[in-house]
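Trainee: Next one to model:
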Amino acid sequence: MDKVLLKDLKKQDKYSKFFHSWKEQEFKDSPNEEQMLADLEVLSQNIGMREGLVIACFDYRNLSLGFFTGNIEELTGYPASMFKSKGMETSFTMIHPDDREELFRFQKIVLDAFHQLSIAERHRFEFSYTTRWVHRTTQEVFWMMGRVKPYLIDSAGNFAMDLHIIVKLHTPPKTKNYDWNYSYVKDDGTRIFVSKNSPSDREISLTKKEKEIVRLILDGLGSKEISEKLNISFNTVSTHRKNILRKLGAKNLGEMIKIIASYDFDMVL
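Mentor: Sure thing, here's the model as predicted:
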């Protein structure tokens, strides 16, 4: 049965099909690619084959696993040959079934967000995820956390290869299933942070006055105290508060605080 499973895996495109939109990017040349791959090999050797640590690169030009560290076979139970021949398919096969739907949703969010950025911002883009892997033979379920950056951006600004640094968590996280976030620094120096629990409009754009009021609300001041401190009318404060709730997608003060907390604080304030 084990051989049948591996044989079937070689034939299928069950999960990598969700990444076909990545493959459809209009890739251009990448003059430094050879040197970057050589640097990656040196990096993996310097870090060493530490237990529970994986370094890997997905190549979106052909939906393959362009690079991975040698300890991945012991950690996952899948032969290294499977990662070489069907790397992307194998990688998503070992993801816990309850995590896959959110993973595939997130990959679309990442690609859409990435292509809205300037070339310089794309080079400052990164994302993280927490997910469960299932060992092929023992069926052990364990948590992994990955940090990812674009490793190879071609001359046209396309996301050609990424770099995953993945570590095994010895203590389960608070999240119950696949969790994620992404961030980047805008050209004006503003840091953007978006998480799974961020409101649907993703980026918060508050005016300078609204940011002042949010800070004072978080300091525990009421509308009357804020109006006195900022020397504006009570009604003006009330209008600002309504606008802040609307922009955050919050129904009340409690939700507002929760949403602010889910963002990188500097991004909002």
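
Trainee: hey, where'd the helices end up in the chain?
Mentor: 2-11, 20-23, 33-47, 72-76, 80-85, 87-93, 97-114, 119-122, 208-218, 223-230, 234-248, 253-262, 265-268 (DSSP state H).

Trainee: what comes up buried for the third one?
Mentor: In this case it means helix 33-47. The neighbour-count check on helix 33-47 (16 or more other C-beta atoms under 10 Å) flags L40, S44 as buried. C-beta: built from backbone N, CA, C; applies to glycine.

Trainee: Just the C-alphas of it, formatted as CSV.
Mentor: In CSV, the C-alpha atoms belonging to helix 33-47 read as follows (Å, rounded to 0.1, in the frame of the first residue of the first chain):
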residue,chain,number,x,y,z
GLU,A,33,20.1,33.1,-10.2
GLU,A,34,23.1,30.8,-10.4
GLN,A,35,25.0,32.7,-7.7
MET,A,36,21.9,32.9,-5.5
LEU,A,37,21.4,29.1,-5.6
ALA,A,38,25.0,28.7,-4.7
ASP,A,39,24.7,31.1,-1.8
LEU,A,40,21.6,29.1,-0.6
GLU,A,41,23.7,25.9,-0.6
VAL,A,42,26.3,27.6,1.6
LEU,A,43,23.6,29.0,3.9
SER,A,44,22.2,25.5,4.5
GLN,A,45,25.6,24.1,5.2
ASN,A,46,26.4,26.9,7.7
ILE,A,47,23.1,26.4,9.5
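
Trainee: got the buried residues for stretch 209-221?
Mentor: Of all the residues in stretch 209-221, those buried under the rule 16+ other C-beta under 10 Å are E210, E212, I213, V214, L216, I217, L221.
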